[in-house]
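>>> pasting the structure only:
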């Protein structure tokens with residue numbers, strides 16, 4: 001069950017391979033990346049409005065001696081852990097906790113490291129009643145103007161606004177076998193193809209793998225993860241080197257320029273140039 005499935009060569013299956021691999025139970029979760037990369041980590045709790053959400057881990061620590069704020073979606077390694085952590089689907093208080101810590105990070109100019117592995121925000125009635133869509137929107141709004149370096153890594157699943165609310169950053173990286181999309185393949189298949197069983201076809205249409213996300217300019221880099229199940233330390237080391245390089249560049253920028261570049265980056269996404277004579 002934890003063995004990496006053989007990847008499909010061409011055809012509809014290649015996108016679905018990324019989805020299957022991102023969901024393997026034995027794959028390291030965001031809390032494992034925090035533990036491997038952030039020293040002296042101290043977890044902080046609560047959104048100061050409603051309560052604490054176990055689906056989001058957030059706190060302070062050090063990345064290679066640099067004080068940082070680290071935030072991630074927490075996903076279980078087995079069924080009982082997933083029940084406890086709501087299968088990595090945050091409630092609104094999870095996003096508000098993350099935003100509280102990001103505001104604190106900006107106050108002290110601490111870089112923010114985020115690790116994302118979620119099928120999406122929790123869509124239950126309780127989450128709707130407590131304003132999950134507003135919480136996501138507030139994260140996007142405030143992260144666009146956050147005066148400190150921000151870097152997000154999609155380590156597994158990157159589903160919809162639930163992932164974007166923790167990935168609206170100066171730099172966004174993806175592990176090679178992760179996926180990142182506006183909707184899950186099953187959700188897309190249910191809405192557009194009227195059959196959730198057609199999720200592999202929907203995945204192909206969404207082009208949700210890391211290679212396409214990089215080609216489309218949605219992310220800034222792909223980290224190889226071929227040994228993520230057999231030797232996860234090699235992936236941690238590769239990611240550490242990439243984060244080190246990205247933070248060195250970002251920390252050298254004045255806050256005003258950092259925000260301007262972030263704004264320009266996201267304004268440029270989705271722009272299509274057309275020949276006016278066509």
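Yep, that arrived. In this text the structure is predicted, and so the values were computed from the model without any measurement.
>>> and residue 36, what does it touch?
Neighbouring residues of residue 36 by Cβ atoms under 8 Å, 6 or more residues apart in numbering: 28, 232-233, 236. Any C-beta I mention is one placed from the backbone N, CA and C, and that applies to glycine too.
>>> need the buried ones from these selected in ChimeraX.
Selection of the buried residues among the contacts of residue 36 in ChimeraX, burial being defined by 16 or more other Cβ atoms under 10 Å:
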select :28,232,236
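>>> of the contacts of residue 36, just say which sits nearest to residue 151.
residue 236 (15.2 Å; Cβ to Cβ).
>>> can you pull out the strands in the stretch 1-150 of the chain?
With strands called from DSSP state E, counting those that start in this stretch, the stretch 1-150 of the chain shows them at 39-43, 56-63, 66-73, 112-118, 150-159.
>>> what is the subsequent helix or strand relative to the longest one?
Past strand 150-159, further along toward the C-terminus, the next helix or strand under DSSP states H and E is helix 160-164.
>>> contacts for that following helix?
Contacts to helix 160-164, defined as Cβ under 8 Å, 6+ apart, come from residues 89-90, 116, 118-122, 133, 136, 140, 154, 157, 180-184, 187.
>>> narrow these to just the buried residues.
Among these, those scoring as buried are 89-90, 116, 118-122, 136, 154, 157, 180-181, 183-184, 187 (criterion: 16+ other Cβ under 10 Å).
>>> among those, which ones are in helices?
Filtering the buried ones among the contacts of helix 160-164 for membership in helices, criterion DSSP state H, returns 136, 187.
>>> what ranges in the stretch 101-250 of the chain fall below the confidence cut-off?
Filtered on pLDDT under 70, the stretch 101-250 of the chain yields no residues whatsoever.
>>> now the helices for it?
With DSSP state H, counting those that start in this stretch as the criterion, the stretch 101-250 of the chain has helices at 125-129, 132-143, 160-164, 185-192, 199-206, 210-215, 232-251.
>>> run the chain-centre distance for the last one.
Relative to the centre of its chain, helix 232-251 is centred 16 Å away, using Cα atoms, centre = their mean, to the nearest Å.
>>> how far is whatever helix or strand comes next after it from where the chain is centred?
Next in sequence after helix 232-251, counting helices and strands by DSSP H and E, comes helix 255-267. When distances are taken as Cα atoms, centre = their mean, helix 255-267 is centred 20 Å away from the chain's centroid.
>>> and for stretch 142-157?
8 Å.
>>> cool, stretch 112-121 as well?
Worked out by Cα atoms, centre = their mean, stretch 112-121 lies 3 Å from the chain centre.
>>> kindly reformat the strands of the stretch 1-150 of the chain as TSV containing distance to residue 95.
As requested, the strands of the stretch 1-150 of the chain are arranged in TSV below (distance: least, Cβ to Cβ, whole Å):
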stretch	distance to residue 95
strand 39-43	17
strand 56-63	7
strand 66-73	10
strand 112-118	11
strand 150-159	14
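>>> looking at those, which is closest to residue 215?
Nearest of these to residue 215, taken as Cβ to Cβ: strand 150-159 at 15.4 Å.
>>> give me the nearest residue to residue 148, chain neighbours excluded.
Excluding the flanking residues, the one nearest residue 148 by Cβ to Cβ, 6 or more residues apart in numbering is residue 106, at 4.5 Å.
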